[in-house]
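Peer 1: my questions concern the predicted model and sequence given below.
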Amino acid sequence: MSKPQPLPAPSLSGASLGVMLREWRAARRLSQLDLALDSEISARHLSYIETGKAQPSREVLMRLADALEMPLRERNALLVAGGFAPIFRETGLGTPKLVGMKQAIEAILAQQEPYPAFVLDRRWNIVQANGAAARVNQCVMRGAVPEHDNMIRLLFAPGPFRDAVGNWHEIAGDLLRHLYQEVAMNPADRAAKALLDECLRFPDVPASWRFRDLSAGPSPMVTTVLRHPDGGRFQFFSTITSFATPYDVTLDELRIECCFPLDEGTADMCRALAAGIRA
């Protein structure tokens, strides 16, 4: 087996290992004793690690990462902070190593036709989409070109796509709850926090959304309603697919969102668009 190649140094602003562990413990609401028991080390040893009095082995760091349920990118960052080389690769989808995965993703997108499907990364950037997604977007946006390739910015920024969403407050509120949860669960992800702050500055965002509602989590299923220029509407519900037990940062952060018609009218319009007929 070839030796894993180091990833670029993570942007942690020089955060120490102890600070990282305390942040992640707080995010997971674990005491030192809880984390020590879950990691099968002594509470004293964990205390010494957090205060910089002890240097943990790579095995101990990986056990801590497992107990904290850290994403692969953050596991690499933890190893680097502990003085070790990262072990999880970040491979581009276009490289030979992931050609099989790329083909699998393309097969899922093609299979979803004539209904929309998107590939999103951890920050809701649209990495790839099928033809149905482009056709539906072009239809509801009256031929306008999307100004953003980020799902959250596309929904929150003023423009033809936001104007086409018939249940904007429901969809935007749910996405914002997902983003709040991401920020809370991944304290080292400064980019997610910046995206959240950006969303809250867009026009017409309710003032109440500027504070996380701990009593309301993301909905298990949300219907997306898109207004058709001729007065009808598309109605979709979505499923999310992720890769099980990934060992690559890229795959760990990808998810595939497939949209399904909620009614026969939506299905008919999607089939008409695929056939080149004005829906």
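Peer 2: Yep, that arrived.

Peer 1: what about residue 17, neighbour count?
Peer 2: 21 (other C-beta atoms under 10 Å). Every C-beta, even on glycine, is put in place using the N, C-alpha and C of the backbone.

Peer 1: where do the helices of the stretch 101-250 of the chain begin and end?
Peer 2: With helices called from DSSP state H, counting those that start in this stretch, the stretch 101-250 of the chain shows them at 131-140, 151-156, 160-164, 168-185, 190-200, 249-253.

Peer 1: got the CA coordinates for the last one in CSV?
Peer 2: In this case it means helix 249-253. Extracted C-alpha coordinates of helix 249-253, given in CSV (Å, rounded to 0.1, in the frame of the first residue of the first chain):
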residue,chain,number,x,y,z
VAL,A,249,-12.1,13.4,2.2
THR,A,250,-13.8,14.2,-1.2
LEU,A,251,-16.2,11.3,-0.9
ASP,A,252,-16.8,11.9,2.8
GLU,A,253,-18.1,15.4,2.0
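
Peer 1: check the offset of the next helix or strand after it from the chain's centre.
Peer 2: Counting by DSSP states H and E, the next helix or strand C-terminal to helix 249-253 is strand 255-261. Distance of strand 255-261 from the chain centroid (C-alpha atoms, centre = their mean, to the nearest Å) equals 14 Å.

Peer 1: please begin residue numbering at 36 from this point
Peer 2: Sure, I'll start numbering at 36, so the last one becomes strand 290-296.

Peer 1: what pairs with strand 290-296, parallel or antiparallel?
Peer 2: Take DSSP bridges as the rule and strand 290-296 pairs in its sheet with strand 152-155 (antiparallel), strand 268-277 (antiparallel).

Peer 1: make TSV from the helices of the stretch 136-285 of the chain and add distance to residue 87 and mean pLDDT to it.
Peer 2: Formatted as TSV, these follow (distance: least, C-beta to C-beta, whole Å; pLDDT from 0 to 100):
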stretch	distance to residue 87	mean pLDDT
helix 166-175	49	96
helix 186-191	37	94
helix 195-199	48	95
helix 203-220	25	90
helix 225-235	23	91
helix 284-288	27	92
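
Peer 1: buried ones in stretch 178-197?
Peer 2: For stretch 178-197, the buried set under the neighbour-count rule, 16 or more other C-beta atoms under 10 Å, comprises 181, 185, 186, 187, 188, 189, 190, 191, 192, 194, 196, 197.

Peer 1: check contacts around the second one.
Peer 2: Under the criterion of C-beta atoms under 8 Å, 6 or more residues apart in numbering, the contact partners of residue 185 comprise 158, 159, 160, 161, 230.

Peer 1: from these, which single one is nearest residue 130?
Peer 2: The shortest gap between residue 130 and any of the contacts of residue 185 belongs to residue 160, at 18.5 Å (C-beta to C-beta).

Peer 1: let me see the contact set for the closest one.
Peer 2: Counted by C-beta under 8 Å, 6+ apart, residue 160 has contacts 184, 185, 186.

Peer 1: turn those residues into TSV, columns for distance to residue 168.
Peer 2: Shown next, in TSV, are the contacts of residue 160 (distance: C-beta to C-beta, whole Å):
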residue	distance to residue 168
184	12
185	14
186	11
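
Peer 1: which one of these is nearest residue 201?
Peer 2: The closest of the contacts of residue 160, once distances to residue 201 are taken by C-beta to C-beta, is residue 186, at 17.1 Å.

Peer 1: just confirm the closest one contacts residue 154, I think it does.
Peer 2: No - Residue 186 is beyond contact range of residue 154, at 10.8 Å (criterion: C-beta atoms under 8 Å).

Peer 1: which neighbours do the two have in common?
Peer 2: residue 161.

Peer 1: distance of residue 231 from residue 218?
Peer 2: Look at residue 231 and residue 218: by C-beta to C-beta, to the nearest Å, they are 6 Å apart.

Peer 1: go through the contacts of residue 160 and name the one nearest residue 121.
Peer 2: For these, the residue nearest residue 121 by C-beta to C-beta is residue 185; the value is 26.2 Å.

Peer 1: for that closest one, give me the pLDDT.
Peer 2: Looking at residue 185, its pLDDT reads 94.

Peer 1: that one pairs with what?
Peer 2: Beta-bridge partners of residue 185, as defined by DSSP bridges: residue 160.

Peer 1: once you drop chain neighbours, what's closest to the residue most central in space within the chain?
Peer 2: Nearest residue to the geometric centre of the chain (C-alpha atoms, centre = their mean): residue 157, 3.0 Å. Leaving aside its chain neighbours, residue 157 sits nearest to residue 288 (4.0 Å; criterion: C-beta to C-beta, 6 or more residues apart in numbering).
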